[in-house]
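> Build me a structure from this.
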Amino acid sequence: MTWILYSTDGCHLCEDAKALILANPNITELHEQDIIEDDALVDEYRYSIPVLCHEPSQQRLNWPFDASQLKQFIENCTC
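The predicted model follows:
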């Protein structure tokens, strides 16, 4: 499964989310997408980053989330 973390540099919440995500053994492939590189992403995620996206299903998990919520989200994602 491929996962995308929508974030931006200097965002402490994004750093917290990334650490939580990387601690989960079910996330084996994480791509970070800096929203600043794309105006459409800035418009979509400006007020909601960090956001974890399961690329195949396009399901998203918005911050804030904890390890339990992350685990449940991963389990519920469908391809």
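
> which residue lies farthest from the center of the chain?
With C-alpha atoms, centre = their mean as the measure, the chain has its most outlying C-alpha, relative to the mean C-alpha position, at residue 39: 18.2 Å.

> My read is that residue 76 contacts residue 59, right?
Yes: Residue 76 lies in contact with residue 59 (C-beta atoms under 8 Å); the separation is 7.5 Å. C-beta here means a position set from N, CA and C on the backbone, and glycine is covered the same way.

> Looking at the two, which one has more neighbours?
For residue 76 versus residue 59, the count of surrounding residues by other C-beta atoms under 10 Å is larger for residue 59: 14 against 11.

> Mind listing the residues bridging to the spatially most central residue of the chain?
By C-alpha atoms, centre = their mean, the mean C-alpha position of the chain lies nearest to residue 52, the distance being 1.7 Å. The bridge-partner assignment for residue 52, based on DSSP bridges, gives residue 5, residue 61.
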